[in-house]
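Peer 1: With the sequence up front, the predicted model follows.
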Amino acid sequence: MKFTYVNPTQIQFGQGQIQSINSIIPQGSKVIVIYGGGSIKRNGVYDQVSAALQGYDWVEFSGVEPNPTKETLDKAVSIVKEKGIDFILAVGGGSVIDGSKYVAAASHYDGDGWDIMIGKHPVSSAVPLGAILTLPATGSESNMGAVITKAETHDKLPFMTPHVQPKFAVMDPDVMKTLPERQLVNGIVDAWVHVCEQYLTNVHGAMVQDGYAEALLKNLKELGEEFENRDNDAWRANLMWNANQALNGLIGSGVPHDWATHMIGHEFTALWGVDHARSLAIVQPSLLRNQFAVKKAKLEQMGKNVFGLSESETLAEQTIDAIEAFYQSLGVTTEFNEYQGSKNDAVEAVVSQLEQHGMVALGENQAITLDQSRNILASAIA
Ligand code: NZQ
Ligand code: ZN
C-alpha cells in the first residue's frame, strides 16, 4: 500500500447548517448560486440560502439539468467571467455540484470548456466553490470528480482535478424530506455501487479499506430494507453520511479500483437518458458474472461479511444473486428493455460509444475489452 490521502472539504453536517455558510464563504466575495430545475424553490432551501447570503453580493443561475450539459453550463461560465464572480455556491444534487465544478474550471480558461473533458486543457486553477447538498448519492459534495454531458453528441465524460474539490459541503438531512422515492432509491444504489467499484476487485488484505467498505455496504443494505420506514431523522442522516463516505476518497486509498460498471452505465444515460444509478443496476450483475473468475474471492468475502451467507461451493454466485435481489427489492430493474429497434443494435450502439470514448480496457485488470463489454451488454440488455 502506498498512497497520499487528503480530503480538504469542510463538512457542515446536521439540521440547520445551511446558515453556517455565512461564516465560511469569505466576506466580500462575489457569489454565484447555481441550482437545478427549481426543487430548492419549492422546499424552502432557496429561502434559507438567500437568508444566509445576506450581506454578500450575489447572483443566481438556474436550470442545470439532471446529467448536466456543457451547453447549459457554458452560459454560467459566461456570467462568471463577465461579472468577475469569485465564489460558486452549488445548491443541489450531484448534477448541480458536478456542473458547478465544470463552471469553476472552465471559467479560468479562455477556450471551450469541453477541452477539459477531453484532456486537451489540463486544469491548473478554478473559481473556489462550496456545496449545499440536496440529494445524497454521488459523493460529489466532497470529492474532486464531475461527470458532464455534451448533448449535441451524446458524450458523457468524467473529469477529476483537486482544483474543483468543494471548500465546504453542507449536509442537512432535512432537505431530503422532499426527495421523490425514485431519487432516494437512486441514492442507495449509486452509493452501493461506489463502494463495490472500490471493493469488489481482488484480495489485497487492506483491512481498513475492506472493513470500512463492508460497514458501508451493510448500512446501505439495512437502509434499503428499512425503506418503508424511511420517514425519520436517523434514516435520512444515515443515508446522507453513508453516501458521502462511499466516495470521498477514503475507502479507495491504496487499493485497486474497477469503475467499469460506471463507464458502461454512462453510455446508457448518454444514449437513452437512463438515471445514473439505474444504469449501474443494469450493468453490474452482468459485469460481475462476466468477470467472475477474477472477482470470485472478493465476492465470497462480500457474501460472508455483508450478506451473512455461509461458506459453500456456490457462495460467489449467491452473492451476485443477492446483489441483484437487493436492487429488485428496491424496485430497480437489472435488465434494460427501453430501446427501440433490435437488441443487437442496442448492444452495438453502446459498444460504439465505448469505443469512441476510449473505454476499451476497463476494470481493475483492464480486462474488459470491447468484446467483453459486448458480452456483458448481451446479458444486461433484454
Ligand atoms: O433540478 P432540481 O429541480 O433540483 O431536481 C432534482 C433532479 O430532478 C431532484 N432533487 C434534488 N434534490 C431534491 C430534488 N427534488 C426534491 N427535493 C430535493 N431535496 O432530483 C433530480 C436528480 O438530481 P441529480 O442531481 O441529477 O441526481 P444525482 O445526485 O443522482 O446526480 C447524478 C449525476 O451525478 C453524476 C451522474 O453521472 C449524474 O450526472 N455522478 C457524479 C459523481 C461524482 N461527481 O463523483 C459520481 C457518480 O458516480 C455519478 O457519475
Ligand atoms: Zn455513481
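Peer 2: Nice, I can see it. Given the structure is predicted, the values throughout are model-derived calculations rather than measurements. Ligands and ions are numbered 1, 2, ... in the order given.
Peer 1: all strands of this protein, in order?
Peer 2: With strands called from DSSP state E, the chain shows them at 10-13, 30-35, 57-61, 87-92, 129-133, 145-150, 155-160, 168-171.
Peer 1: Kindly reformat those as TSV containing mean pLDDT and distance to residue 116.
Peer 2: C-beta coordinates here come from the backbone N, C-alpha and C atoms, glycine included. Output for these, formatted as TSV (pLDDT from 0 to 100; distance: least, C-beta to C-beta, whole Å):
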stretch	mean pLDDT	distance to residue 116
strand 10-13	98	25
strand 30-35	99	17
strand 57-61	98	19
strand 87-92	99	15
strand 129-133	99	15
strand 145-150	98	8
strand 155-160	97	6
strand 168-171	99	22
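Peer 1: So for ligand 1, which of these sits nearest?
Peer 2: Closest approach to ligand 1 among these (C-beta to the nearest ligand atom): strand 145-150, 3.9 Å.
Peer 1: pLDDT value on the closest residue to residue 133 other than its chain neighbours, please?
Peer 2: Using C-beta to C-beta, 6 or more residues apart in numbering and skipping the chain neighbours, the partner closest in space to residue 133 is residue 141 (4.5 Å). Residue 141 carries a pLDDT value of 99.
Peer 1: who are the neighbours in contact with residue 141?
Peer 2: Applying C-beta atoms under 8 Å, 6 or more residues apart in numbering, one finds that residue 141 lies in contact with 9, 97, 131, 133, 166, 169, 171, 244.
Peer 1: If any of these are buried, put those into a PyMOL selection.
Peer 2: If you want just the buried ones from these in PyMOL, going by 16 or more other C-beta atoms under 10 Å, the selection is:
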select buried, resi 9+97+131+133+166+169+171+244
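Peer 1: Name the nearest of the contacts of residue 141 relative to residue 351.
Peer 2: For these, the minimum distance to residue 351 (C-beta to C-beta) is 30.5 Å, reached by residue 97.
Peer 1: And the helices in the stretch 201-350 of the chain, which stretches?
Peer 2: For the stretch 201-350 of the chain, the helices defined by DSSP state H, counting those that start in this stretch cover 207-225, 233-246, 260-272, 276-290, 292-305, 315-329, 343-356.
Peer 1: so how many other residues sit close to the closest residue to residue 375 other than its chain neighbours?
Peer 2: Leaving out its chain neighbours, the residue that sits closest to residue 375 by C-beta to C-beta, 6+ apart is residue 290, at 5.7 Å. Counted by other C-beta atoms under 10 Å, the residues lying close to residue 290 total 22.
Peer 1: I'd assumed residue 377 was in contact with residue 290.
Peer 2: No. The criterion here is C-beta atoms under 8 Å, and residue 290 misses it with residue 377 at 9.8 Å.
Peer 1: any idea how far residue 111 is from ligand 1?
Peer 2: 23 Å (C-beta to the nearest ligand atom, to the nearest Å).
Peer 1: okay, now that residue: neighbour count?
Peer 2: Using other C-beta under 10 Å, residue 111 has 10 neighbouring residues.
Peer 1: Check the one 10 residues further on too.
Peer 2: Residues near residue 121, counting by other C-beta under 10 Å, number 19.
Peer 1: so what's it up against?
Peer 2: Listed by C-beta under 8 Å, 6+ apart, the contact set of residue 121 reads 109, 111, 115.
Peer 1: Nice, that's everything, thank you.
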